[in-house]
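# Below is the structure, and that's it, no one-letter string:
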(Lines give C-alpha, C1' and ligand atoms only; values in the text may rest on other atoms or scores of the structure.)
Protein backbone atom coordinates (compact mmCIF):
# COMPACT_ATOMS: atom_id res chain seq x y z
CA UNK A 1 0.00 0.00 0.00
CA UNK A 2 2.80 2.39 0.92
CA UNK A 3 4.62 1.61 -2.33
CA UNK A 4 1.46 2.41 -4.28
CA UNK A 5 1.20 5.88 -2.73
CA UNK A 6 4.92 6.52 -3.18
CA UNK A 7 4.84 5.55 -6.85
CA UNK A 8 1.64 7.30 -7.98
CA UNK A 9 1.07 9.96 -5.35
CA UNK A 10 -1.84 10.39 -3.01
CA UNK A 11 -4.60 11.42 -5.44
CA UNK A 12 -3.88 8.87 -8.17
CA UNK A 13 -3.30 6.02 -5.70
CA UNK A 14 -6.56 6.86 -3.93
CA UNK A 15 -8.35 6.85 -7.29
CA UNK A 16 -6.98 3.37 -8.06
CA UNK A 17 -8.06 2.09 -4.64
CA UNK A 18 -11.56 3.51 -5.12
CA UNK A 19 -11.84 1.77 -8.51
CA UNK A 20 -10.74 -1.53 -6.98
CA UNK A 21 -13.22 -1.10 -4.11
CA UNK A 22 -16.06 -0.36 -6.55
CA UNK A 23 -15.16 -3.42 -8.60
CA UNK A 24 -14.98 -5.69 -5.53
CA UNK A 25 -18.26 -4.43 -4.09
CA UNK A 26 -20.18 -4.17 -7.37
CA UNK A 27 -18.87 -7.24 -9.19
CA UNK A 28 -17.96 -9.66 -6.38
CA UNK A 29 -19.59 -8.89 -3.05
CA UNK A 30 -23.01 -7.62 -4.13
CA UNK A 31 -23.79 -10.41 -6.66
CA UNK A 32 -22.80 -13.09 -4.16
CA UNK A 33 -24.91 -11.54 -1.40
CA UNK A 34 -27.88 -11.35 -3.79
CA UNK A 35 -27.31 -14.99 -4.75
CA UNK A 36 -27.26 -15.97 -1.08
CA UNK A 37 -30.48 -14.02 -0.48
CA UNK A 38 -32.18 -15.79 -3.39
CA UNK A 39 -30.91 -19.18 -2.22
CA UNK A 40 -32.37 -18.78 1.26
CA UNK A 41 -35.82 -17.68 0.07
CA UNK A 42 -38.60 -19.81 -1.47
CA UNK A 43 -39.69 -19.47 -5.07
CA UNK A 44 -42.94 -17.50 -4.79
CA UNK A 45 -45.16 -15.67 -7.28
CA UNK A 46 -44.76 -11.87 -7.23
CA UNK A 47 -47.98 -11.36 -5.27
CA UNK A 48 -46.71 -13.45 -2.34
CA UNK A 49 -43.19 -11.97 -2.15
CA UNK A 50 -42.81 -10.18 1.18
CA UNK A 51 -45.71 -12.09 2.71
CA UNK A 52 -45.71 -14.61 5.57
CA UNK A 53 -44.41 -17.41 3.33
CA UNK A 54 -41.40 -15.36 2.21
CA UNK A 55 -38.99 -16.39 4.95
CA UNK A 56 -35.42 -17.61 5.08
CA UNK A 57 -34.81 -21.35 5.17
CA UNK A 58 -32.42 -24.03 3.92
CA UNK A 59 -35.10 -25.76 1.84
CA UNK A 60 -33.33 -25.10 -1.49
CA UNK A 61 -30.10 -26.62 -0.16
CA UNK A 62 -31.80 -29.65 1.36
CA UNK A 63 -33.56 -30.24 -1.96
CA UNK A 64 -30.16 -30.84 -3.56
CA UNK A 65 -29.15 -33.14 -0.71
CA UNK A 66 -32.30 -35.22 -1.20
CA UNK A 67 -32.25 -35.25 -5.02
CA UNK A 68 -30.12 -38.30 -5.84
CA UNK A 69 -29.69 -37.56 -9.56
CA UNK A 70 -28.60 -33.98 -9.05
CA UNK A 71 -26.31 -34.97 -6.20
CA UNK A 72 -24.66 -37.60 -8.39
CA UNK A 73 -24.16 -35.12 -11.23
CA UNK A 74 -22.71 -32.62 -8.75
CA UNK A 75 -20.00 -34.96 -7.49
CA UNK A 76 -19.38 -36.23 -11.00
CA UNK A 77 -18.77 -32.64 -12.12
CA UNK A 78 -16.20 -32.14 -9.37
CA UNK A 79 -14.46 -35.41 -10.21
CA UNK A 80 -14.54 -34.72 -13.96
CA UNK A 81 -13.16 -31.22 -13.40
CA UNK A 82 -10.26 -32.81 -11.54
CA UNK A 83 -9.69 -35.13 -14.50
CA UNK A 84 -9.72 -32.15 -16.86
CA UNK A 85 -7.15 -30.43 -14.64
CA UNK A 86 -4.92 -33.50 -14.49
CA UNK A 87 -5.13 -34.13 -18.25
CA UNK A 88 -4.39 -30.49 -19.01
CA UNK A 89 -1.35 -30.61 -16.74
CA UNK A 90 -0.05 -33.78 -18.40
CA UNK A 91 -0.43 -32.13 -21.81
CA UNK A 92 1.01 -28.75 -20.82
CA UNK A 93 3.96 -29.66 -18.61
CA UNK A 94 6.27 -31.07 -21.33
CA UNK A 95 5.32 -28.21 -23.67
CA UNK A 96 6.02 -25.64 -20.96
CA UNK A 97 9.36 -27.24 -20.11
CA UNK A 98 10.41 -27.32 -23.75
CA UNK A 99 9.40 -23.68 -24.25
CA UNK A 100 11.17 -22.52 -21.09
CA UNK A 101 14.38 -24.57 -21.22
CA UNK A 102 14.92 -26.01 -24.69
CA UNK A 103 13.31 -23.83 -27.37
CA UNK A 104 15.23 -21.16 -29.23
CA UNK A 105 13.88 -17.62 -29.44
CA UNK A 106 12.44 -18.26 -32.89
CA UNK A 107 10.86 -21.56 -31.84
CA UNK A 108 9.40 -19.92 -28.75
CA UNK A 109 7.83 -17.14 -30.83
CA UNK A 110 6.28 -19.62 -33.24
CA UNK A 111 4.98 -21.80 -30.39
CA UNK A 112 3.40 -18.84 -28.59
CA UNK A 113 1.73 -17.64 -31.78
CA UNK A 114 0.43 -21.13 -32.54
CA UNK A 115 -1.03 -21.35 -29.02
CA UNK A 116 -2.43 -17.84 -28.65
CA UNK A 117 -3.80 -17.00 -32.12
CA UNK A 118 -6.60 -19.66 -32.00
CA UNK A 119 -7.87 -18.02 -28.81
CA UNK A 120 -8.68 -14.86 -30.76
CA UNK A 121 -11.76 -16.82 -31.85
CA UNK A 122 -14.79 -16.92 -29.55
CA UNK A 123 -14.99 -19.91 -27.19
CA UNK A 124 -18.35 -20.97 -28.58
CA UNK A 125 -16.96 -21.10 -32.12
CA UNK A 126 -13.90 -23.05 -30.97
CA UNK A 127 -16.13 -25.54 -29.19
CA UNK A 128 -18.30 -25.84 -32.29
CA UNK A 129 -15.10 -26.66 -34.18
CA UNK A 130 -14.55 -29.58 -31.81
CA UNK A 131 -18.18 -30.59 -32.29
CA UNK A 132 -17.58 -30.84 -36.04
CA UNK A 133 -14.31 -32.75 -35.56
CA UNK A 134 -15.92 -35.27 -33.19
CA UNK A 135 -19.16 -35.63 -35.14
CA UNK A 136 -20.36 -39.11 -36.09
CA UNK A 137 -19.54 -38.38 -39.73
CA UNK A 138 -16.83 -35.86 -38.93
CA UNK A 139 -13.19 -35.71 -40.04
CA UNK A 140 -11.86 -37.68 -37.03
CA UNK A 141 -13.97 -40.74 -37.80
CA UNK A 142 -13.24 -40.35 -41.51
CA UNK A 143 -9.48 -40.32 -40.86
CA UNK A 144 -9.61 -43.31 -38.50
CA UNK A 145 -11.74 -45.27 -40.98
CA UNK A 146 -9.38 -44.39 -43.80
CA UNK A 147 -6.37 -45.61 -41.79
CA UNK A 148 -8.15 -48.81 -40.88
CA UNK A 149 -7.92 -48.14 -37.12
CA UNK A 150 -11.68 -48.52 -36.67
CA UNK A 151 -14.20 -50.41 -38.78
CA UNK A 152 -17.22 -48.26 -37.97
CA UNK A 153 -17.76 -44.64 -36.88
CA UNK A 154 -17.50 -43.92 -33.16
CA UNK A 155 -19.71 -41.52 -31.22
CA UNK A 156 -17.16 -39.30 -29.51
CA UNK A 157 -19.72 -36.96 -27.94
CA UNK A 158 -19.97 -37.55 -24.22
CA UNK A 159 -17.42 -37.55 -21.44
CA UNK A 160 -14.49 -37.95 -23.85
CA UNK A 161 -15.69 -35.12 -26.07
CA UNK A 162 -16.20 -32.80 -23.09
CA UNK A 163 -12.72 -33.69 -21.80
CA UNK A 164 -11.09 -32.93 -25.16
CA UNK A 165 -12.98 -29.67 -25.58
CA UNK A 166 -12.15 -28.43 -22.10
CA UNK A 167 -8.47 -29.34 -22.30
CA UNK A 168 -8.24 -27.34 -25.51
CA UNK A 169 -10.31 -24.46 -24.12
CA UNK A 170 -8.25 -24.00 -20.95
CA UNK A 171 -4.78 -25.06 -22.09
CA UNK A 172 -3.34 -21.54 -21.85
CA UNK A 173 -4.50 -21.15 -18.25
CA UNK A 174 -2.33 -24.14 -17.34
CA UNK A 175 0.52 -23.66 -19.79
CA UNK A 176 1.50 -20.04 -19.20
CA UNK A 177 1.79 -20.17 -15.37
CA UNK A 178 3.94 -23.32 -15.59
CA UNK A 179 6.05 -21.79 -18.37
CA UNK A 180 6.63 -18.62 -16.33
CA UNK A 181 7.69 -20.68 -13.32
CA UNK A 182 10.06 -23.00 -15.19
CA UNK A 183 11.58 -20.10 -17.14
CA UNK A 184 13.11 -18.74 -13.93
CA UNK A 185 14.87 -22.04 -13.23
CA UNK A 186 18.62 -21.90 -13.85
CA UNK A 187 19.68 -24.40 -16.51
CA UNK A 188 22.78 -25.08 -14.43
CA UNK A 189 20.62 -26.87 -11.85
CA UNK A 190 19.28 -29.24 -14.52
CA UNK A 191 22.80 -29.79 -15.88
CA UNK A 192 24.09 -30.49 -12.37
CA UNK A 193 21.38 -33.10 -11.76
CA UNK A 194 22.22 -34.78 -15.07
CA UNK A 195 25.97 -34.71 -14.33
CA UNK A 196 25.33 -36.37 -10.97
CA UNK A 197 23.63 -39.26 -12.75
CA UNK A 198 19.99 -38.44 -12.05
CA UNK A 199 17.60 -39.89 -14.67
CA UNK A 200 15.25 -37.54 -16.48
CA UNK A 201 12.22 -38.39 -14.36
CA UNK A 202 14.12 -37.77 -11.12
CA UNK A 203 15.44 -34.45 -12.39
CA UNK A 204 11.90 -33.30 -13.04
CA UNK A 205 10.58 -34.75 -9.78
CA UNK A 206 13.31 -33.35 -7.53
CA UNK A 207 14.38 -30.17 -9.33
CA UNK A 208 11.92 -28.82 -11.90
CA UNK A 209 8.56 -29.56 -10.30
CA UNK A 210 9.49 -28.25 -6.80
CA UNK A 211 10.76 -25.06 -8.42
CA UNK A 212 7.61 -24.68 -10.52
CA UNK A 213 5.09 -25.66 -7.83
CA UNK A 214 3.62 -22.14 -7.59
CA UNK A 215 3.00 -22.08 -11.34
CA UNK A 216 1.58 -25.61 -11.30
CA UNK A 217 -0.75 -24.74 -8.42
CA UNK A 218 -1.88 -21.57 -10.21
CA UNK A 219 -2.59 -23.47 -13.42
CA UNK A 220 -4.47 -26.20 -11.56
CA UNK A 221 -6.60 -23.65 -9.69
CA UNK A 222 -7.48 -21.72 -12.83
CA UNK A 223 -8.23 -24.83 -14.86
CA UNK A 224 -10.31 -26.52 -12.18
CA UNK A 225 -12.44 -23.46 -11.49
CA UNK A 226 -13.05 -22.84 -15.20
CA UNK A 227 -13.86 -26.49 -15.86
CA UNK A 228 -16.27 -26.79 -12.92
CA UNK A 229 -18.10 -23.64 -14.02
CA UNK A 230 -18.11 -24.40 -17.73
CA UNK A 231 -21.37 -24.57 -19.64
CA UNK A 232 -20.53 -24.33 -23.35
CA UNK A 233 -18.38 -27.46 -23.67
CA UNK A 234 -20.77 -29.81 -21.79
CA UNK A 235 -23.79 -28.40 -23.62
CA UNK A 236 -22.27 -28.80 -27.10
CA UNK A 237 -19.98 -31.81 -26.70
CA UNK A 238 -21.78 -33.78 -24.02
CA UNK A 239 -24.50 -36.39 -24.15
CA UNK A 240 -27.52 -37.06 -21.91
CA UNK A 241 -25.30 -39.35 -19.82
CA UNK A 242 -22.57 -36.74 -19.39
CA UNK A 243 -24.55 -33.80 -18.00
CA UNK A 244 -22.62 -31.12 -16.12
CA UNK A 245 -23.87 -29.50 -12.91
CA UNK A 246 -23.81 -26.09 -14.58
CA UNK A 247 -26.42 -27.35 -17.04
CA UNK A 248 -28.75 -28.09 -14.14
CA UNK A 249 -28.14 -24.59 -12.73
CA UNK A 250 -28.90 -23.11 -16.17
CA UNK A 251 -32.12 -25.11 -16.36
CA UNK A 252 -33.27 -23.90 -12.97
CA UNK A 253 -32.66 -20.27 -13.90
CA UNK A 254 -33.79 -20.07 -17.53
CA UNK A 255 -36.07 -23.06 -18.15
CA UNK A 256 -37.56 -23.91 -14.77
CA UNK A 257 -37.84 -20.27 -13.73
CA UNK A 258 -36.75 -21.13 -10.18
CA UNK A 259 -33.97 -18.64 -9.49
CA UNK A 260 -33.97 -19.48 -5.80
CA UNK A 261 -33.11 -23.13 -6.29
CA UNK A 262 -30.66 -22.26 -9.06
CA UNK A 263 -28.92 -19.80 -6.72
CA UNK A 264 -28.64 -22.50 -4.03
CA UNK A 265 -27.13 -24.94 -6.50
CA UNK A 266 -24.68 -22.28 -7.70
CA UNK A 267 -23.56 -21.49 -4.14
CA UNK A 268 -22.98 -25.16 -3.36
CA UNK A 269 -20.82 -25.49 -6.47
CA UNK A 270 -18.90 -22.33 -5.57
CA UNK A 271 -18.32 -23.48 -2.00
CA UNK A 272 -17.00 -26.90 -2.96
CA UNK A 273 -14.80 -25.41 -5.69
CA UNK A 274 -13.27 -23.04 -3.16
CA UNK A 275 -12.69 -25.96 -0.83
CA UNK A 276 -10.93 -27.94 -3.56
CA UNK A 277 -8.79 -24.91 -4.40
CA UNK A 278 -7.74 -24.46 -0.77
CA UNK A 279 -6.90 -28.15 -0.50
CA UNK A 280 -4.85 -27.92 -3.71
CA UNK A 281 -2.90 -24.95 -2.38
CA UNK A 282 -2.34 -26.84 0.86
CA UNK A 283 -1.01 -29.90 -1.00
CA UNK A 284 1.41 -27.78 -3.03
CA UNK A 285 2.28 -25.74 0.07
CA UNK A 286 1.54 -22.55 -1.84
CA UNK A 287 -0.36 -19.54 -0.49
CA UNK A 288 -2.63 -17.13 -2.31
CA UNK A 289 0.14 -14.55 -2.53
CA UNK A 290 2.23 -16.98 -4.60
CA UNK A 291 -0.76 -17.62 -6.90
CA UNK A 292 -1.31 -13.86 -7.31
CA UNK A 293 2.25 -13.48 -8.60
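Sure thing, it's come through. Since the structure is predicted, the reported quantities are computational estimates derived from the model, not experimental observations.
# Now do the contacts for residue 274.
Neighbour list for residue 274: empty [criterion: C-beta atoms under 8 Å, 6 or more residues apart in numbering]. For every residue, glycine as well, the C-beta is placed using N, CA and C.
# Could I get the buried residue list for the helix or strand that contains it?
Using DSSP states H and E, residue 274 falls within helix 259-284. Under the neighbour-count criterion of 16 or more other C-beta atoms under 10 Å, helix 259-284 has 259-269, 272-273, 276-277, 280-281, 284 buried.
# if I look at residue 193, how far off is residue 215?
Distance, residue 193 to residue 215, using C-beta to C-beta, to the nearest Å: 19 Å.
# So between those two, which is more surrounded?
More crowded of residue 193 and residue 215, by other C-beta atoms under 10 Å: residue 215, with 27 against 18.
# Please state the offset of the helix or strand where that one lies from the chain centre?
Element membership of residue 215, judged by DSSP H and E, is helix 213-228. Here helix 213-228 is found 7 Å from its chain centre; the criterion is C-alpha atoms, centre = their mean, to the nearest Å.
# Packing partners of it?
Where contact means 3 or more C-beta pairs under 8 Å, 6 or more residues apart in numbering; DSSP states H and E, helix 213-228 is packed against helix 68-97, helix 171-183, helix 259-284, helix 288-292.
# if we go to 6 Å?
Using 3 or more C-beta pairs under 6 Å, 6 or more residues apart in numbering; DSSP states H and E, the elements in contact with helix 213-228 are helix 68-97, helix 171-183, helix 259-284.
# and the shortest one, how far from the chain's centre?
Between the mean C-alpha location of helix 171-183 and the chain-wide mean there is a distance of 14 Å, by C-alpha atoms, centre = their mean.
# report the angle between the axes of that helix and helix 68-97?
For helix 171-183 against helix 68-97, the angle by axes from the mean of the first three to the mean of the last three C-alpha atoms, to 10 degrees is 40 degrees.
# Buried ones in helix 171-183, by neighbour count?
Under 16+ other C-beta under 10 Å, the buried positions of helix 171-183 are 171-182.
# ok, now the first one?
Residues of helix 68-97 classed as buried: 70, 73-74, 77-78, 80-82, 84-85, 87-89, 92-93, 95-97 (neighbour count, 16+ other C-beta under 10 Å).
# Tell me what angle that helix forms with helix 213-228.
140 degrees.
# Which strands and helices lie in contact with helix 68-97?
Counting contacts by 3+ C-beta pairs under 6 Å, 6+ apart, helix 68-97 packs against helix 159-169, helix 171-183, helix 213-228, helix 245-250.
# which stretches of the stretch 151-293 of the chain have low pLDDT?
The model of the stretch 151-293 of the chain has pLDDT under 70 over residues 288-293.
# do you know how far the residue of the chain positioned farthest from its centre is from residue 42?
Relative to the C-alpha centroid of the chain, counting by C-alpha atoms, centre = their mean, residue 52 is the outermost residue, at 41.3 Å. Computed as C-beta to C-beta, the residue 52 to residue 42 distance reads 11 Å.
# count of neighbours near residue 112?
16.
# Can you tell me, leaving aside adjacent residues, what's nearest to it?
residue 99 (7.7 Å; C-beta to C-beta, 6 or more residues apart in numbering).
# That neighbour touches residue 179, doesn't it?
Yes - with contact defined as C-beta atoms under 6 Å, residue 99 reaches residue 179; the gap is 5.4 Å.
# residues contacting the residue positioned nearest the centre of the chain?
Most central in the chain under C-alpha atoms, centre = their mean is residue 226, positioned 2.3 Å from the mean C-alpha point. Contacts for residue 226 were tallied using C-beta atoms under 6 Å, 6 or more residues apart in numbering; they are residue 170.
# could we number from 531 for the rest of this?
Shifting the count to begin at 531 puts that one at residue 756.
# Could you measure from the closest residue to residue 755 other than its chain neighbours over to residue 751?
Take residue 755 and drop its neighbours on the chain: the residue closest to it by C-beta to C-beta, 6+ apart is residue 803, 5.7 Å away. The gap separating residue 803 from residue 751 is 10 Å, by C-beta to C-beta.
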